[in-house]
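Novice: Sequence isn't available, so here's the structure alone:
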């Protein structure tokens, strides 16, 4: 290695590299106490429990739980993991393939959450929704997924209920 000083090269000792470590912020994920109602053009399913958490005032749902629940609706989507590219691949308007563990209970304790580091693709295009990794599963901000897949989301504060409507499109609050 040489250092150029006044257009002349002189030998120099290599500078030892210090490891660069990204600060990974940890958040507290509180189990969501809200019930979920799924509406479609033909019916409504009330009071569903989801493996969902509240982080800093927003609800985050396990992606596979949403895909499993919306399967068969006009807003269904597939979720696949691409290990080689560390990527979550979502395909809209495609039947979801269950892998097991969908819609299992979350328990009642808070958990640690860290921002998801995986690449996320929707129909082959990279997207950047807000997502966290909690207990080796990815949880996505419900409104981000509603907007990306164009389904309605309504908050019914009187009844502590989240309404997901696959017969309507996403309307920002």
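Specialist: Yes, it's here. Since we're looking at a predicted model, the values are computed, not measured.
Novice: helix, strand or coil for the residue nearest the centre of the chain?
Specialist: By CA atoms, centre = their mean, the chain has its centre lying nearest to residue 140, at 2.2 Å. Judged by DSSP: H, G, I helix; E, B strand; the rest coil, the three-state class of residue 140 is strand.
Novice: Contact partners for it?
Specialist: 60-61, 63, 66, 129-131 (CB atoms under 8 Å, 6 or more residues apart in numbering). (Glycine included, C-beta is placed from N, CA and C.)
Novice: what's around the closest residue to residue 62 other than its chain neighbours, how many residues?
Specialist: Here the nearest residue to residue 62 in space, its sequence neighbours aside, is residue 51; by CB to CB, 6 or more residues apart in numbering that works out to 4.7 Å. Number of residues near residue 51 (other CB atoms under 10 Å) recorded here: 22.
Novice: for residue 128, same thing?
Specialist: Residue 128 has 8 neighbours, counted by other CB under 10 Å.
Novice: How much space separates residue 65 from residue 101?
Specialist: Here the criterion is CB to CB, to the nearest Å. By it, residue 65 lies 9 Å from residue 101.
Novice: Residue 78 too?
Specialist: Remark: distance between residue 78 and residue 101 (CB to CB) = 16 Å.
Novice: Comparing these two, which residue is more hemmed in?
Specialist: Remark: of residue 78 and residue 101, residue 78 carries more neighbours, 15 against 12, as counted by other CB under 10 Å.
Novice: any idea how far the more buried one is from residue 97?
Specialist: With CB to CB as the criterion, residue 78 and residue 97 are 6 Å apart.
Novice: in the helix or strand encompassing residue 133, what counts as buried?
Specialist: Residue 133 is located in strand 131-134, with elements delineated by DSSP states H and E. Buried residues in strand 131-134, counting neighbours by 16 or more other CB atoms under 10 Å, are found at 131-132, 134.
Novice: Is residue 64 in a helix, a strand, or coil?
Specialist: Once three-state DSSP is applied, residue 64 turns out helix.
Novice: Provide a list of residues in contact with it.
Specialist: Each residue near residue 64 by CB under 8 Å, 6+ apart is listed here: 79, 96, 99, 101-102, 137.
Novice: Spatially, which two of those residues are the most separated?
Specialist: 96 and 137 (15.4 Å; CB to CB).
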